[in-house]
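Novice: Sharing a sequence plus its predicted fold:
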Amino acid sequence: MNQYQCQGLNRELASFKIEEMAIPYAEFIPRLYNFCEELGFKNEYTMPSRAFCSDENQGLPILLLAKHFGTFPFNHGLVGGIIAIDRNGPHAHHGEDLVIIQASHVGYDPETGIYGKYCRPRRLNNYASDSCGKLANIINPYIDEYRFARDHIFLNKGHDGKYLIRIKNSFIDFSSNPIKQGIVLKLQDIVNHGTSGGFIQPVSVFSTSHVFEVSDEFRKRIDATNYEWKVGDGEPIGNLLFHDIFYFKEDLQETRDSNRIHNSLLEFMPRIVTSEAPPLLAAQITMQVEFPRAVESIRKDEVYKGKNLLYIAGLNIDISKYKDYPSTTYFVPWAAHIQLKENTPKEYMHPLEQDLIYKKIMEQEVENPDQRSLKEEIGMMLDAPRYNIRAPK
């Protein structure tokens with residue numbers, strides 16, 4: 001099958017902006033509702049759907065969807081914030097005009113600017129845990145592996161003036177003993193190939209490691225960071241273990257949803273573990289990988305034909321309770337797919353990218369005259385007569 005792949009072409013991440021793009025959900029949902037009205041959606045026929053993680057910190061967006069769209073939203077989401085495309089049919093059958101909001105989520109501390117944690121209001125002593133446990137459980141073991149590798153790969157300058165790197169055998173994918181799972185260094189990108197027909201030869205071998213002379217290109221890259229080479233045993237490579245000189249090897253054969261998100265992140269794991277905010281990047285990647293998959297399912301699925309549909313993907317940012325302020329959630333829009341039953345305009349023939357969908361949303365009024373009072377709705381239910389529920393004869 002490899003013969004059909006684009007050799008040497010790696011999938012890249014699209015740019016994603018957060019600053020000045022985050023919208024409080026209390027503002028985002030009414031603006032989104034008004035955008036749907038502008039597109040021709042009818043209030044009484046619109047069925048919203050959310051593809052969120054199942055965590056309790058995603059509750060506010062769900063309540064606001066019910067308040068502004070006048071109905072409890074359909075559940076399109078799975079753990080981790082991925083979209084269950086096999087629920088497209090049921091969602092389409094619940095309304096004439098359809099809205100889907102899909103978002104992965106990440107915690108954020110406005111005081112420190114640190115991403116990833118959320119204080120659980122139902123735990124004692126302001127207990128903080130990973131905002132999205134699903135994503136954290138996937139990426140944390142890889143972060144540990146990366147930190148171990150940083151501390152067990154050494155750089156040094158030999159007494160003969162050669163620039164050397166000492167690598168544990170467990171990070172080298174030997175042809176005779178390939179790595180089945182773990183970090184693999186791209187030796188061809190960091191060591192001198194020598195003159196032995198392009199074969200990589202070690203300078204010396206120890207009980208659990210190999211020593212190689214680094215290539216001129218890699219040495220120049222390190223020198224550009226103002227690194228000072230040490231003579232003797234040297235020191236750990238640390239942050240100079242760049243994301244593009246290693247990858248993670250793992251066999252994930254299963255294709256169910258739990259492994260699909262793992263596979264998507266594995267492709268970008270070196271970027272995640274070397275980033276300043278791994279939980280943020282993991283959530284961003286999940287969102288970006290899910291969007292085209294969901295768009296293709298919508299286009300191919302007959303159930304959405306002849307209906308108005310707005311599918312918007314973004315990032316939910318969870319902020320814990322702070323002083324007298326309640327916990328809250330912000331939405332960072334990233335992309336949107338729009339199709340209209342009465343001839344979709346040319347401007348919507350392609351997905352709306354981040355700047356444009358943000359502009360479209362912020363052009364709308366923040367007031368929604370059609371919003372419902374959840375208190376009144378519940379009150380009407382309580383005041384309704386008690387029905388006589390009978391068993392079938």
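Specialist: Ah, there it is. Not measured: the values here are computed from a predicted model. Numbers count the residues shown, from 1 in each chain.
Novice: Do a quick rundown of the helices in the stretch 101-250 of the chain.
Specialist: 133-152, 216-223 (DSSP state H, counting those that start in this stretch).
Novice: which residues touch the residue nearest in space to the middle of the chain?
Specialist: Taking Cα atoms, centre = their mean as the criterion, Ala283 is the residue nearest the geometric centre of the chain, at 2.4 Å. By Cβ atoms under 8 Å, 6 or more residues apart in numbering, the residues touching Ala283 are 81, 104-106, 132, 135, 315. For every residue, glycine as well, the C-beta is placed using N, CA and C.
Novice: just to revisit the earlier point, same list, the helices of the stretch 101-250 of the chain, but as TSV with distance to Ile237, mean neighbour count and mean pLDDT please.
Specialist: Output for the helices of the stretch 101-250 of the chain, formatted as TSV (distance: least, Cβ to Cβ, whole Å; neighbours: other Cβ atoms under 10 Å; pLDDT from 0 to 100):
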stretch	distance to Ile237	mean neighbour count	mean pLDDT
helix 133-152	6	18	96
helix 216-223	9	14	96
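Novice: and the ones you listed as CSV, adding distance to Tyr304?
Specialist: Below are the helices of the stretch 101-250 of the chain laid out as CSV (distance: least, Cβ to Cβ, whole Å):
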stretch, distance to Tyr304
helix 133-152, 27
helix 216-223, 49
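Novice: right, and the helix or strand after the lowest-mean-pLDDT helix or strand in the chain?
Specialist: Taking mean pLDDT, DSSP states H and E as the measure, the chain has helix 257-267 as its least confident helix or strand, at a mean of 83. Scanning forward in sequence from helix 257-267 by DSSP states H and E, the next helix or strand is helix 269-274.
Novice: who's in contact with that following helix?
Specialist: With Cβ under 8 Å, 6+ apart as the test, helix 269-274 has contacts from 13, 139, 142-143, 145-146, 239, 241-244, 246-248, 265, 278, 281-282, 285.
Novice: Filter the residues you listed down to just the buried residues.
Specialist: The neighbour-count test (16 or more other Cβ atoms under 10 Å) marks 139, 142-143, 145-146, 241-242, 246-248, 265, 278, 281-282, 285 as buried among the contacts of helix 269-274.
Novice: quick one: which of these is nearest Glu377?
Specialist: Glu377 lies nearest to Ala282 out of the buried ones among the contacts of helix 269-274, by Cβ to Cβ, at 37.2 Å.
Novice: Skipping adjacent residues, who's closest to that closest one in space?
Specialist: Leu135 (4.7 Å; Cβ to Cβ, 6 or more residues apart in numbering).
Novice: quick one, what contacts the one you found?
Specialist: Leu135 makes contact with 80, 104, 106, 261, 265, 279, 282-283, 286, according to Cβ under 8 Å, 6+ apart.
Novice: got CSV for those residues, with distance to Pro121 too?
Specialist: Below are those laid out as CSV (distance: Cβ to Cβ, whole Å):
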residue, distance to Pro121
Gly80, 22
Ser104, 21
Val106, 18
Ile261, 26
Leu265, 28
Pro279, 20
Ala282, 24
Ala283, 21
Thr286, 25
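Novice: Which of those fall within strands?
Specialist: Taking DSSP state E, the ones among the contacts of Leu135 that sit in strands are 104, 106.
Novice: Break down the stretch 251-393 of the chain into its helices, ranges please.
Specialist: 257-267, 269-274, 278-300, 354-362, 374-383.
Novice: which one of the ones you listed lies closest to Lys17?
Specialist: Closest approach to Lys17 among the helices of the stretch 251-393 of the chain (Cβ to Cβ): helix 354-362, 6.3 Å.
Novice: Show me which residues of that closest one are buried.
Specialist: 354, 357-358, 360-361.
Novice: same question, stretch 149-166
Specialist: Applying 16+ other Cβ under 10 Å to stretch 149-166 flags 149-150, 152-156, 158, 163-166 as buried.
Novice: Tabulate the residues you listed (CSV), appending distance to Val273.
Specialist: Below are the buried residues of stretch 149-166 laid out as CSV (distance: Cβ to Cβ, whole Å):
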residue, distance to Val273
Ala149, 9
Arg150, 10
His152, 15
Ile153, 14
Phe154, 19
Leu155, 19
Asn156, 24
Gly158, 30
Tyr163, 25
Leu164, 25
Ile165, 19
Arg166, 21
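Novice: Least confident of the residues you listed?
Specialist: Lowest pLDDT within the buried residues of stretch 149-166 is found at Gly158 (93).
Novice: show me the contacts for the closest residue to that one other than its chain neighbours.
Specialist: Counting by Cβ to Cβ, 6+ apart, Leu164 is the residue found nearest to Gly158 once chain neighbours are left out, at 5.4 Å. Leu164 makes contacts with 155-158, 203, 211-214, 234, as judged by Cβ under 8 Å, 6+ apart.
Novice: again, but for Pro90
Specialist: Pro90 makes contact with Phe74, according to Cβ under 8 Å, 6+ apart.
Novice: Got the confidence number for it?
Specialist: If you check Pro90, the pLDDT there is 95.
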